[in-house]
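Trainee: show me how the following folds:
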Amino acid sequence: MDSVPSRFERATRCPACGGSRLGPWRKGNFDIARLDKDQIKITDSEYGKIWDLSACGSCGHIFADPYPNPEFLLSLYGQVEDPAYDAEAEGRAQNFRGILDRLDALASGRGTLFDVGAATGILLELARARGWTPDGAEASAWAVAFALRARGLRLRRGPFEEARVEPGSCRAVTMVDFIEHTPTPRAAIARAHEILAPGGLLCLVTPDIHSLSARLAGRRWWHLRPGHVAYFSKRSLDALLEGAGFRIVRRRRYAWTFSAHYLLTRIAALRPLVRSRRAALFFKGIPIKLALGDSFEIYARKDPRT
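Mentor: Okay, the predicted model is just below:
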């Protein structure tokens, strides 16, 4: 077995299903030893950069191998500062309102909604306005401070799996674009199951590496980036969720809304179009919905009897 840099580990089991039938899937194309905080922030634009990826022969899950150990990854996320994320708050709120609409329709009453990887608290602020009790965990010290200052939200800083949350105390848990960032998804999903009340709901959003958009884009697919260490399929998500005791009650495809300014700044060749203040303000006022069909949006329920 090849040696790997310190702070990284090789997989012996599938992170999604625990299977041992692992094999190489695709060779990486960036230097993992130089991984830094700016490469893993939400708004990075290093599209097409991937880790060495392995695949599980049992469930089809695709994941970084070697992968950053959780302690190292947490230290990097703790340093992340990403003002461009909240600059798109209006578009992100549009996305989150749809999630909250569906949670309201599926849930048997409101209660505590726990957002995992809560960033600056946009989703939780919207949930609070609807009568949910907001709670959440976020690794970035900058984001936690921003959520408190701008939205009056007290997020728990640190790993979700270690947050002191009373078992069975939450009516809903949301993981929007979170699970692809962790090398230990089974631990995160098990913890979500633990803190949910019987009949509680988990909403999970994550990229679909086998989607038509991903296949057409190939190595230029925008979800291939250093911050993503896991790529799920329908089969591997089913294995992950059902293995933790969840029953999937709704599936759909997630869509994003961004400003034209944000999208133009993602492409180096188009950035000159928004360099002037006047142009920037103009393009920031144009919302664009991206319904690419390349991410899952899944709602899963904890057994009401447990």
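Trainee: contacts and neighbour counts: CA atoms only from here.
Mentor: Will do.
Trainee: burial count for residue 210?
Mentor: 14 (other C-alpha atoms under 10 Å).
Trainee: so what's the backbone phi/psi at the closest residue in space to it that isn't next to it in sequence?
Mentor: Using C-alpha to C-alpha, 6 or more residues apart in numbering and skipping residues adjacent in sequence, the residue nearest residue 210 is residue 233, 6.5 Å away. Dihedral pair for residue 233: phi -120, psi 170, per degrees, to the nearest 10.
Trainee: residue 115 now?
Mentor: Residue torsions, per degrees, to the nearest 10, at residue 115 are phi -100, psi 120.
Trainee: next structured bit after the longest strand belonging to the chain?
Mentor: In the chain, taking DSSP state E as the definition, the longest strand is strand 196-207. Later in the chain than strand 196-207, the nearest helix or strand by DSSP states H and E is helix 212-217.
Trainee: follow-up on the earlier one: list the contacts for the residue nearest to residue 210?
Mentor: Contacts for residue 233 (C-alpha atoms under 8 Å, 6 or more residues apart in numbering) come out as 60-61, 208-210.
Trainee: name whatever forms a beta bridge with the residue lying closest to residue 92 once chain neighbours are set aside.
Mentor: Spatial nearest neighbour of residue 92, chain neighbours left out: residue 257 (6.4 Å); criterion: C-alpha to C-alpha, 6+ apart. Using DSSP bridges, the bridge partners assigned to residue 257 are residue 289.
Trainee: residue 96 is in contact with residue 257, correct?
Mentor: No - in this structure residue 257 lies outside contact range of residue 96 using C-alpha atoms under 8 Å: 10.0 Å.
Trainee: show residues contacting stretch 250-262.
Mentor: 88, 91-92, 94-95, 205, 274, 280, 283-300.
Trainee: now do the same contact list for residue 135.
Mentor: By C-alpha under 8 Å, 6+ apart, the contact set of residue 135 is 112-115, 124, 154-156.
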